[in-house]
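Enquirer: Just a sequence and a predicted model for now, questions to come.
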Amino acid sequence: GENVEQHPSTLSVQEGDSAVIKCTYSDSASNYFPWYKQELGKRPQLIIDIRSNVGEKKDQRIAVTLNKTAKHFSLHITETQPEDSAVYFCAASIVGYALNFGKGTSLLVTP
Amino acid sequence: DVKVTQSSRYLVKRTGEKVFLECVQDMDHENMFWYRQDPGLGLRLIYFSYDVKMKEKGDIPEGYSVSREKKERFSLILESASTNQTSMYLCASSQGGGKLFFGSGTQLSVL
């Protein structure tokens, strides 16, 4: 089955700096790569996703890049704010099938 | 907005008890999932279902079973609860293309 590795497990940045979280996947058939954000005590929520026919996708301060050849994808957050502090999960799957999640990255943005 | 409701936010059970975790979604989604969340281990898939009366094992099905008698309801059953099943359990639903809508979770403690 699909195996998703996520790094780093913890990340601390100063407000205004950029944050990058990286994931690799094992199954070349995977074609759907979402990112979920989980704030403390809350449920995970989708923040951005990308499909394998696209190399990059942006939504305001967040962007995701995908390298199918290397089987890795990354989340980029620019101009970080304290409210970006949360646990971020990457995932991979074939569209319509169950998601396989990475172990998560705890991001702390300090003022 | 999609609503995924888990019957209990906190649950305390004794070793050996049979435990039922209930999940209901109100958007007529085909797909429903049970994940387990543990610190440092991310979200691990226990079971999922793509249709009524249909179930598929995820990555960690041992010690669990599921039931989906109606489209909107997906139940997770711990046949004989053990202390290593103490965890946060998250139910989710989706329709086709991948975006998961999570419930608020059930924190289960097995004593």
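Expert: Perfect, I can see it now.

Enquirer: where does the residue lying closest to A:A98 once chain neighbours are set aside land in three-state SS?
Expert: Distances taken as Cβ to Cβ, 6 or more residues apart in numbering or on different chains put B:F48 closest to A:A98, at 4.8 Å, once the chain neighbours are dropped. Just so you know, the C-beta spots here come from the backbone N, C-alpha and C atoms, and that holds for glycine as well. Assigned by DSSP: H, G, I helix; E, B strand; the rest coil, the conformation of B:F48 is strand.

Enquirer: Tally up the residues packed near B:F48, please.
Expert: Neighbour count for B:F48, taken as other Cβ atoms under 10 Å in any protein chain shown: 23.

Enquirer: beta partners of it?
Expert: Under DSSP bridges, the beta-bridge partners of B:F48 are B:F33, B:E56.

Enquirer: Same check on B:F102?
Expert: Beta-bridge partners for B:F102, by DSSP bridges, are B:A92.

Enquirer: all strands of the chain, in order?
Expert: Here I'm looking at chain A. The residue ranges that make up the strands of chain A, judged by DSSP state E, are A:4-7, A:10-14, A:19-25, A:32-38, A:45-51, A:56-59, A:62-67, A:72-77, A:86-92, A:100-101, A:105-110.

Enquirer: please go with chain B instead
Expert: In chain B, strands defined by DSSP E lie at B:4-6, B:10-13, B:19-21, B:23-25, B:31-38, B:42-49, B:56-57, B:64-70, B:73-78, B:87-94, B:101-102, B:106-110, listed in chain order.

Enquirer: Export those strands to JSON lines and append columns for mean pLDDT.
Expert: Formatted as JSON lines, the strands of chain B follow (pLDDT from 0 to 100):
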{"stretch": "strand B:4-6", "mean pLDDT": "96"}
{"stretch": "strand B:10-13", "mean pLDDT": "97"}
{"stretch": "strand B:19-21", "mean pLDDT": "97"}
{"stretch": "strand B:23-25", "mean pLDDT": "97"}
{"stretch": "strand B:31-38", "mean pLDDT": "96"}
{"stretch": "strand B:42-49", "mean pLDDT": "95"}
{"stretch": "strand B:56-57", "mean pLDDT": "94"}
{"stretch": "strand B:64-70", "mean pLDDT": "96"}
{"stretch": "strand B:73-78", "mean pLDDT": "97"}
{"stretch": "strand B:87-94", "mean pLDDT": "96"}
{"stretch": "strand B:101-102", "mean pLDDT": "95"}
{"stretch": "strand B:106-110", "mean pLDDT": "98"}
